[in-house]
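Q: need a 3D model of the sequence below.
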Amino acid sequence: MWVRQMKLNLTQRVQARESPVIYPKGWPDFPINGLTFYQENIERIRSGLLLSDDDETITEAILVCEPDNPYSKSGTAVAVYLNALKVGYVPDESSAYFFKLLKGSGGIARAEARFYYSSDGYSSCRLDVNFPPSWEPPIQGIEPEYLEGDGTFSFRMRSGKFPINWEQVKALNPDIYVEVGDTYTGAGYLTMSDYGRSPYLDTDFQEVTAKPYESDDVLINRLLASVGGQAKVEFVLTRTSEKSHSTKLDLDVSKWRAANKSKPTKPKTPNSTSSVWSSPKKRRPKKSVWMKILFGKPKRKKSVWRGLFLGD
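A: Alright, predicted model coming up:
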């Protein structure tokens, strides 16, 4: 049974002292959600850290897995504590990566954090961690894994919000300049963005050339997480007008779609708000034979219309 925990217990405090530290990124920019629900704890932390209004400090955060948290849609809730007091949670869209990492260390780990205090309720906490999180530093100088496609270039990307400065491309790299109506085929890097949200395609044209559609974000993030957060892919870019372009990847995600396709789940209780699984209608209990003999059949209620037309 899950119990809402507002601070670390004694066992967790002892375990936290010996827990490993998530490798830092170099600056704290990973956000924590839910601080508005823990204002009392935030005031205690401010007092303990001797902070004034609009002040901030670098401190140590404790991350704890909460597998039984009923409010987590993914079932991989990771709570964040400062000075042994809960301040929020890792965002649900990226908590699975932290949950998996922390499972190997007994469900608890440490990380460096930046805590900002504001008396108007806009305090914030950000972790200094790499994403995806890891215990060891990322290996530099190694070419990302190449994802071989099926040669159809059928994986569509959204490019409308990422216009390319074609004049700059023509001046700096004329070999890849594309006229209106022409196409360019090359290789780029499909990269997982911070916090596990929307990955992007990094090409020679510009850093963010295109992004997957929102319905494919989780799928691509899981794929990239399995290969270290970045992969090399082939793409075809078509310049459709002076300011717009379309992008497609040679990426076969059929097996990933099958493996990660969400299955519909039935409500746990018959009293769910679902229109399909509604609660059954209550029926009047049947009378026994002796009840019928002693009290007879129940009288029917007279209808107004029956009385008018039949004179009952």
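Q: is it correct that residue 136 is in contact with residue 24?
A: No - if you go by CB atoms under 8 Å, residue 136 and residue 24 don't touch, sitting 11.8 Å apart. From N, CA and C alone the C-beta is placed, and that goes for glycine too.
Q: quick one: buried residues of stretch 74-94?
A: Neighbour counts over stretch 74-94 (16 or more other CB atoms under 10 Å) mark 76-94 as buried.
Q: oh, that last question was meant for stretch 145-163, not what I typed.
A: Buried residues in stretch 145-163, defined by neighbour count with 16+ other CB under 10 Å: 147, 149, 153, 155, 157, 159, 162.
Q: do stretch 127-146 as well
A: For stretch 127-146, a neighbour-count test (16+ other CB under 10 Å) marks 127, 128, 129, 130, 131, 132, 133, 144 as buried.
Q: for the second one, give me its contacts.
A: If I follow you right, that is residue 128. Listed by CB atoms under 8 Å, 6 or more residues apart in numbering, the contact partners of residue 128 are 24, 25, 26, 27, 28, 29, 30, 111, 112, 113, 114.
Q: nearest to residue 223 among those residues?
A: Distance to residue 223, by CB to CB, is smallest for residue 30 among the contacts of residue 128, at 21.2 Å.
Q: the closest residue to that closest one other than its chain neighbours and residue 102: what is the separation?
A: Nearest non-adjacent residue to residue 30, counting by CB to CB, 6 or more residues apart in numbering: residue 127, 4.2 Å away. Using CB to CB, to the nearest Å, residue 127 is found at 13 Å from residue 102.
Q: and the contacts of residue 128, which are buried?
A: 25, 28, 30, 111, 112, 113, 114.
Q: pull the contacting residues for the first one.
A: Residue 25 makes contact with 128, 129, 130, 131, according to CB under 8 Å, 6+ apart.
Q: hmm, 6 Å instead?
A: By CB atoms under 6 Å, 6 or more residues apart in numbering, the contact list for residue 25 reads 128, 129, 130.
Q: do the same with the third one
A: The neighbours of residue 30, taking CB under 6 Å, 6+ apart as the test, are 126, 127, 129.
Q: closest to residue 167 among these?
A: For these, the nearest to residue 167 is residue 126 (37.3 Å; CB to CB).
Q: show me where pLDDT drops low in the chain?
A: 1-3, 139-142, 194-197, 255-312 (pLDDT under 70).
Q: mind listing which of the buried ones among the contacts of residue 128 are in strands?
A: Counting by DSSP state E, the buried ones among the contacts of residue 128 place 30, 111, 112, 113, 114 in strands.
Q: residues contacting the nearest residue to the fourth one once chain neighbours are set aside?
A: Think residue 113. Distances taken as CB to CB, 6+ apart put residue 61 closest to residue 113, at 3.8 Å, once the chain neighbours are dropped. By CB under 6 Å, 6+ apart, the contact list for residue 61 reads 80, 82, 111, 113.
Q: bridging residues for residue 61?
A: When bridges are called by DSSP bridges, residue 61 pairs up with residue 82, residue 111.
Q: quick one: the strands in the stretch 1-150 of the chain?
A: In the stretch 1-150 of the chain, the segments counted as strands under DSSP state E, counting those that start in this stretch are 30-31, 55-66, 77-82, 85-89, 108-117, 124-128, 145-146.
Q: what's the closest of those to residue 237?
A: Between residue 237 and these, the tightest spacing by CB to CB is seen for strand 145-146, at 18.6 Å.
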